[in-house]
Each structure stands twice: as C-alpha cells, then as structure tokens.
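J.: need the 3D shape of this:
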Amino acid sequence: MNIGLVLSGGGVRGIAHIGVIKALEENNIYPTHIAGTSAGAIVGALYASGCSWAEMLDYFNNIQLFELNKYAINKPGFIDTEKFYDSLAPFFPEDDFKSLKKSLHITATNLLNGELKIFSAGELIKPILASAAFPGLFTPVKIDNEYYIDGGTLNNFPVDLISKFCDQIIGVYVNPFNKLKNGDFKHSYDVVERALKIKNGIECLSKFDGCDLLISPKGLNNYSTFYVKNSEEIFNLGYNEAIEILESEKGMKFLQENYSIK
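T.: Numbers count the residues shown, from 1 in each chain. All right, here's what the predicted structure looks like:
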C-alpha cells in the first residue's frame, strides 16, 4: 500500500511535522510518498533521505536563521537563502532526488512568471531552499536561470501532488488561521505572512477532504513563524495531537482498515 504524507508550510511551526512523524512510526505507519511545501519541504526531504525524527529535530534545534553571516548583500531580501545550503548538504551528499528513500514532491513559486513549480527529480537542495524562501525576508533562489520563492505562495498544502500515487493520504497542517489583534503585527514579515495566510487559508481548507487522516495540531497559533527557541514545545504539540487523532474513533478505524490492527 502506498501511503502519502502531506506536510504544509508554516515556518518554525513545521517542527510539529517531526512530532507527527514520530507518532506515526510508533504506530507502524511509514509513508512511501511525501509532498511538502516550505517547512514541510525541509522536513519531508530530510525524512525521505532516511533521517530519524531525532535527527530532524536536532537539525532544527541547531539552525540559526538570523546570524550576521547569513544576511543578504546586494540581493532582494534580508536573509540570503542560499547560505543555508551547507547546513543541508551533509544530509544529501548526492544532491539528487533519485538518492532519496521515499518519493518526494515539493513546491516552489516561480517569481518571474508567477507559476507553481513542482520539483520531484534532479537537483535537490536548491529546490528545498526555494520552497522555504519566505517572500520579502529570504532571498529568491536561482535555479536554471529562473528565480523561485516559497511554494506556499501558491500551494501551501500540496495534497494534489501525490494523491494519484497513493492509496491513503495523511495530511499535516501547521499553519492555523485565527483572528488577530492590532498588537499582533510587530514586524513587516508579520503583515506579509498574514496576507499569505488570508489568501491560502480558504484554498487549504478545501483540500482537507482529500486526506484520509488529517492532523492539525492545536495551539500552534501561539508560536511565531521564525522563533526557533520553542522547538521542543512545537514538536510535542505535533506528537500529542497525532497520538490523540490515532487513538480517536476515526484514527482507530484508519489503523484497522489499513494496518490490520485489532
């Protein structure tokens, strides 16, 4: 059976994906196909490469988004996205989709023609970086003379990328849409993020029905998109929500029907 795992964008909230993966594996669920956007593309690629949940969590715990040596010079953005290449390179020594242990599809947005680009073959690391290049904050990534930004701009919950290949789809959505107050907008990227959420919110909600099992951890709206200091808490939100869903009536039915669990 082909099991698809769809991982949404959501910045640092994407660490919740790792908690979900831990819970799935504890229940002997091992996805064969992965579709990810932005943070979901990073987690999905690491998972597809064979990383354990502990290795993935360690990666996020040690990444520094706002180091001085990562600031962009003569590029449109504050942080130079391609300066994260070296942090990913050890996980992908062949830098090619064909080296992965699971099928992977990730999205990025072509900044020049405004079209969605789906990457599933060829060079790997730059498409991962492009998918996570939050517009206005991170610089676009150049691939084959085209420039790409965050895949979440056009498709933040890419269920459609792998639905035709899979018998069952598990979706993990970590980009909650809640009503905000005036005081919630403290930085320019807060406004940009909100604009993207408004645009993508309805589209993503319409894809929930395409998932046989949907996990959307509660409480993630309390965490900033780029503040990594709460990684353990975010991880636990994902893990606990996944366990709760799997132990629910719907989750038990899913396990019984697909994994012969009595």
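J.: helices of this structure, start to end?
T.: For the chain, the helices defined by DSSP state H cover 15-26, 39-48, 53-62, 85-88, 125-131, 188-205, 231-246, 249-259.
J.: most tightly surrounded among those helices?
T.: helix 39-48 (a mean of 28; mean count of other C-beta atoms under 10 Å). For glycine as for every other residue, the C-beta is placed from the backbone atoms N, C-alpha and C.
J.: using CSV, write out the CA atom coordinates for it.
T.: C-alpha atoms of helix 39-48 as CSV (Å, rounded to 0.1, in the frame of the first residue of the first chain):
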residue,chain,number,x,y,z
ALA,A,39,9.0,24.0,6.2
GLY,A,40,7.1,20.9,5.1
ALA,A,41,9.6,20.6,2.2
ILE,A,42,12.5,20.7,4.5
VAL,A,43,11.1,18.1,6.9
GLY,A,44,9.8,16.0,4.0
ALA,A,45,13.2,15.9,2.3
LEU,A,46,15.1,15.1,5.5
TYR,A,47,12.6,12.3,6.2
ALA,A,48,12.8,11.0,2.6
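J.: just the angle between that helix and helix 15-26, please?
T.: Interaxial angle, helix 39-48 versus helix 15-26 (axes from the mean of the first three to the mean of the last three C-alpha atoms, to 10 degrees): 40 degrees.
J.: ok now helix 39-48, how far from the chain's centre?
T.: 6 Å (C-alpha atoms, centre = their mean, to the nearest Å).
J.: just to revisit the earlier point, need the helices of the chain in JSON lines (columns: distance to Thr225).
T.: Below are the helices of the chain laid out as JSON lines (distance: least, C-beta to C-beta, whole Å):
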{"stretch": "helix 15-26", "distance to Thr225": "11"}
{"stretch": "helix 39-48", "distance to Thr225": "9"}
{"stretch": "helix 53-62", "distance to Thr225": "13"}
{"stretch": "helix 85-88", "distance to Thr225": "19"}
{"stretch": "helix 125-131", "distance to Thr225": "15"}
{"stretch": "helix 188-205", "distance to Thr225": "6"}
{"stretch": "helix 231-246", "distance to Thr225": "11"}
{"stretch": "helix 249-259", "distance to Thr225": "28"}
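J.: by mean pLDDT, show me the worst of those.
T.: Mean pLDDT is lowest for helix 188-205 out of the helices of the chain, coming in at a mean of 70.
J.: between the helices of the chain, which gets nearest to Thr32?
T.: helix 39-48 (9.9 Å; C-beta to C-beta).
J.: between that closest one and helix 53-62, what angle do the directions make?
T.: Interaxial angle of helix 39-48 relative to helix 53-62 (the same axes, to 10 degrees): 140 degrees.
J.: verify the contact between Ile162 and Ile106 for me.
T.: No - assessed by C-beta atoms under 8 Å, Ile162 is found out of contact with Ile106, at 10.8 Å.
J.: assess the claim that Ile106 and Ala41 are in contact.
T.: Yes - at 4.0 Å, Ile106 and Ala41 qualify as touching, with contact defined as C-beta under 8 Å.
J.: any common contacting residues for the two?
T.: In terms of C-beta atoms under 8 Å, 6 or more residues apart in numbering, Ile106 and Ala41 are both contacted by the residues 127-128, 131, 151.
J.: now these in JSON lines, with distance to Gly4?
T.: Converted to JSON lines, the shared contacts of Ile106 and Ala41 look like this (distance: C-beta to C-beta, whole Å):
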{"residue": "Pro127", "distance to Gly4": "19"}
{"residue": "Ile128", "distance to Gly4": "19"}
{"residue": "Ser131", "distance to Gly4": "17"}
{"residue": "Gly151", "distance to Gly4": "17"}
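J.: now the two most distant members of those residues.
T.: Among the shared contacts of Ile106 and Ala41, the pair separated by the greatest distance (C-beta to C-beta) is Ile128 and Gly151, at 10.2 Å.
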